[in-house]
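> mind looking at a prediction? Sequence and model below.
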Amino acid sequence: MSFSYLSSALFDVHSGQGLRQFAELAIALLLSSLIGLERETRQKSAGLRTHTLVGVGSALFMEVSIHGFGSVLGTTGVVLDPSRVAAQVVSGIGFIGGGLIFVRKDAVRGLTTAATIWLTCAIGMACGGGLPLLAIGATAVHFLVVRGYPKMADRTSSPPSFARLEVRISYRSHDGLLGRLLETCTGSGFRVTHVRVEAGTDAEGAPAEVLLRVEGTASSYVLAEKLSELPGVHGVTLGRQGDSPE
């Protein structure tokens, strides 16, 4: 491949390999990296590298869809539909998004990250399709929704009520797990007022059950979810103090 061919291709806007196309890929790289960096700082399952590759790859697919089949135009029986490749990209990104969503102990996780992957794909396609302003606008929408909406919801939601709860936890007695249970309660915004270990404290690794009485204004469902995610915890039941656990 000669230097003259490379230089002519770079400055030929109709070749599909010119400076404009490289600029579009660079914009996709920048915007998808910004989204990936935001996900990385929040320690999500898909971070900087994943979002960057999705954005740049989607942009490249759009470039191929628009410019990659020009040589077959005019051939008898050949009809070019640039939207076909784009449609396949939209379908294919669902495999990555689906792999990020999982259910654990009746809690669905990864929906926002999967939606962000889907949006990053659309932003990359917009860059590759020659629509950088739309891509920049969609990137701004991402940060507005992910960063701004939670603060808006906190301001508009009603103030939490003070609650006294009984939390019964069955767990595997080992490695100081009881201490981590207490730390999780206090870290979730509750004050532990009473601890009663009811079974399984004699043998290492034996099943154990503890009854905690806590009080606070934080979400009891968030507390139960965090406790359930601790390694070694078998089950968590909640109840109001004085009532039977739910």
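Now that the structure is in, tell me what you want to look at.

> residues in contact with G97?
For G97, the contact set (Cβ atoms under 8 Å, 6 or more residues apart in numbering) comprises A114, A115, I117, W118. To be clear about C-beta, it is placed using only N, CA and C from the backbone, and glycine gets the same treatment.

> which among those gets closest to E183?
A114 (30.4 Å; Cβ to Cβ).

> ok, that closest one to M125 distance?
A114 sits 17 Å away from M125, taking Cβ to Cβ, to the nearest Å as the criterion.

> who's more crowded, the two?
M125 (27 against 20; other Cβ atoms under 10 Å).

> ok so that one is a helix residue?
Yes: assessed by DSSP: H, G, I helix; E, B strand; the rest coil, M125 belongs to a helix.

> that one contacts A59, doesn't it?
Yes: under the contact definition of Cβ atoms under 8 Å, M125 touches A59, with a separation of 6.8 Å.

> re earlier: make CSV from the contacts of G97 and add pLDDT and distance to L223 to it.
Formatted as CSV, the entries for these read as follows, by pLDDT from 0 to 100; distance: Cβ to Cβ, whole Å:
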residue, pLDDT, distance to L223
A114, 85, 25
A115, 87, 26
I117, 89, 29
W118, 89, 31
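
> which of these has the most neighbours?
Using other Cβ under 10 Å as the neighbour definition, the contacts of G97 reach their maximum at I117, which records 26 neighbours.

> next, the buried residues of the helix or strand containing that residue.
Remark: I117 resides in helix 111-128, with elements defined by DSSP states H and E. Along helix 111-128, these residues count as buried under the neighbour rule (16 or more other Cβ atoms under 10 Å): 113-128.

> can you show me the CA trace of the following helix or strand past that helix as PDB?
Following helix 111-128 in sequence order, the next helix or strand is helix 132-143 (DSSP H and E). Once non-C-alpha atoms are left out, helix 132-143 reads as follows in PDB (Å, rounded to 0.1, in the frame of the first residue of the first chain):
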ATOM      1  CA  PRO A 132     -22.100  14.200  16.400                       C
ATOM      2  CA  LEU A 133     -24.400  16.800  17.900                       C
ATOM      3  CA  LEU A 134     -27.000  14.200  18.700                       C
ATOM      4  CA  ALA A 135     -24.300  12.000  20.200                       C
ATOM      5  CA  ILE A 136     -23.000  14.900  22.400                       C
ATOM      6  CA  GLY A 137     -26.600  15.600  23.400                       C
ATOM      7  CA  ALA A 138     -27.300  12.000  24.300                       C
ATOM      8  CA  THR A 139     -24.100  11.900  26.400                       C
ATOM      9  CA  ALA A 140     -25.200  14.900  28.300                       C
ATOM     10  CA  VAL A 141     -28.600  13.200  28.900                       C
ATOM     11  CA  HIS A 142     -26.800  10.200  30.400                       C
ATOM     12  CA  PHE A 143     -25.000  12.300  33.000                       C
END
